[in-house]
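> With the sequence up front, the predicted model follows.
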Amino acid sequence: MRLPPEERAAHRAAFAAMSMPERLDYIFSYYKLELVIALIAAVVAGTIVVRTLTHRDAVLYLAYANVAAGSDLDEVLGEGFVAHLGLDARENEVYRYRDLFLSDEADVADHRYAYASRMKILGAIDARQLDVVIMSEGAYSILSSAGCLADLSEIISEADPEARESLIPHLVSNEVVIEDNMIEYNLGEADTYEATVIEVANAIDVTGLALFEGIGLDGHAYLGVIANSPRHDTVVSYLEYLAGTTP
C-alpha cells in the first residue's frame, strides 16, 4: 500500500536522523527477504559469469592411475599438447583425472579410495570422456583384463612412419579376458572361476620415450588408450606428439 506524501516524508526524515548501525538494522529488518533474494541472484549470476569465462573445451581426456606425475610432465602432457595443436590454451585443454588409485586387493588400506577411483574411471569411460591413461603396472593389469584398453598396434599403424618406428619397440602386451564365468562363480553356481584370455598389445612403456626422461615421472609407467574413445584422430596425434616425431 502506497503511503501518503506526509508519511513518506516523515519516514525519510527519521531514516536520515539514524546512525549508520541503526540504518543497517532498519534495512535488514524491513527488507530481509529482498536482500536474500538479491544475494542469491548475485551468486547465481557470478557463478554463470565465472563458468563462462573459465570454460575450456576438452580436446582430450587423460587419467593418471597409480602414477604420480610431476608438474613439468603434467604440463607437457596437457598444455604442451594444446600448444602443439596450435590451439588457444585459454579456450582448450587436455582434461586430466589426477590421483586415481586402482587395486584388486580386498584388504588394501585405501579400499574406499580404490573403489571410488574405479567408479570414476568406469563412469568416465561410459560417458566417453576418457581417452588415454598413464598407469602403473598394477593399474595396467586391472584395466587390461577388464577389456578397457584398445589394441595399440592397430592405432599406431595409423601414425606417421617416424612415430611408428619410435613407438613400436615400446609396445607391451597383457591379458584381456574375453569370456568368463565370474557371475556364476560369485553366485555360487560354479565351483571354480574360469576365463578365456588373449594377449593384446595394448600399452606403451612410456619410461622408454625421450619425452618422459627426467621430467617428473615417479617410477615405471605405461600408456594405454581407452577402447571406446571417440577422439580417435586426436589420440593418434597425441601418440605422435609423445613420440616426439611431429614438428
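Structure's in. What do you need?
> When you work out contacts or count neighbours from here on, use the C-alpha atoms and nothing else.
Noted.
> Is the residue lying closest to Y97 once chain neighbours are set aside part of a helix or strand, or is it coil?
Sequence neighbours aside, A63 is the residue nearest to Y97 in space, at 4.4 Å (criterion: C-alpha to C-alpha, 6 or more residues apart in numbering). The three-state assignment at A63 reads strand, by DSSP: H, G, I helix; E, B strand; the rest coil.
> Let the chain start at 841 from now.
That works, and once the first residue is 841, the last one we named lands at A903.
> pull the helix or strand with minimum mean pLDDT from this structure.
helix 872-894 (a mean of 47; mean pLDDT, DSSP states H and E).
> Any regions of the chain where pLDDT drops low?
Under the criterion pLDDT under 70, the flagged ranges of the chain are 841-894, 946-949, 1018, 1020-1030, 1033, 1035, 1054-1059, 1085-1087.
> quick one, strands of it?
Assigned by DSSP state E, the strands in the chain fall at 897-905, 932-940, 972-975, 1011-1020, 1035-1045, 1062-1065.
> by how many degrees do the first one and strand 932-940 diverge?
Angle between the axes of strand 897-905 and strand 932-940 is 20 degrees (criterion: axes from the mean of the first three to the mean of the last three C-alpha atoms, to 10 degrees).
> In PDB, could you pull the C-alpha coordinates for strand 897-905?
In PDB, the C-alpha atoms belonging to strand 897-905 read as follows (Å, rounded to 0.1, in the frame of the first residue of the first chain):
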ATOM      1  CA  ASP A 897      36.800 -27.300 -24.400                       C
ATOM      2  CA  ALA A 898      38.500 -30.700 -23.800                       C
ATOM      3  CA  VAL A 899      40.500 -31.800 -26.800                       C
ATOM      4  CA  LEU A 900      41.500 -35.000 -25.000                       C
ATOM      5  CA  TYR A 901      40.800 -36.700 -21.600                       C
ATOM      6  CA  LEU A 902      43.700 -38.100 -19.700                       C
ATOM      7  CA  ALA A 903      43.900 -40.000 -16.500                       C
ATOM      8  CA  TYR A 904      46.700 -40.800 -14.100                       C
ATOM      9  CA  ALA A 905      46.200 -44.200 -12.300                       C
END
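> on that earlier part again, OK, contacts around the residue nearest to Y937?
936-938, 940, 970, 972-974 (C-alpha atoms under 8 Å, 6 or more residues apart in numbering).
> Turn the residues you listed into CSV, columns for neighbour count.
Shown next, in CSV, are these (neighbours: other C-alpha atoms under 10 Å):
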residue, neighbour count
R936, 18
Y937, 17
R938, 16
L940, 20
L970, 26
V972, 23
V973, 25
I974, 24
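> ok so, going back, for the residue nearest to Y937, list each beta-bridge partner.
Note on A903: beta-bridge partners Y937, V973, judged by DSSP bridges.
> Just to check, T1047 is in contact with E1053?
Yes - the pair T1047 and E1053 qualifies as a contact (C-alpha atoms under 8 Å) at a distance of 7.0 Å.
> between the two, which one's more packed in?
Higher neighbour count among T1047 and E1053: T1047, with 18 against 12, using other C-alpha atoms under 10 Å.
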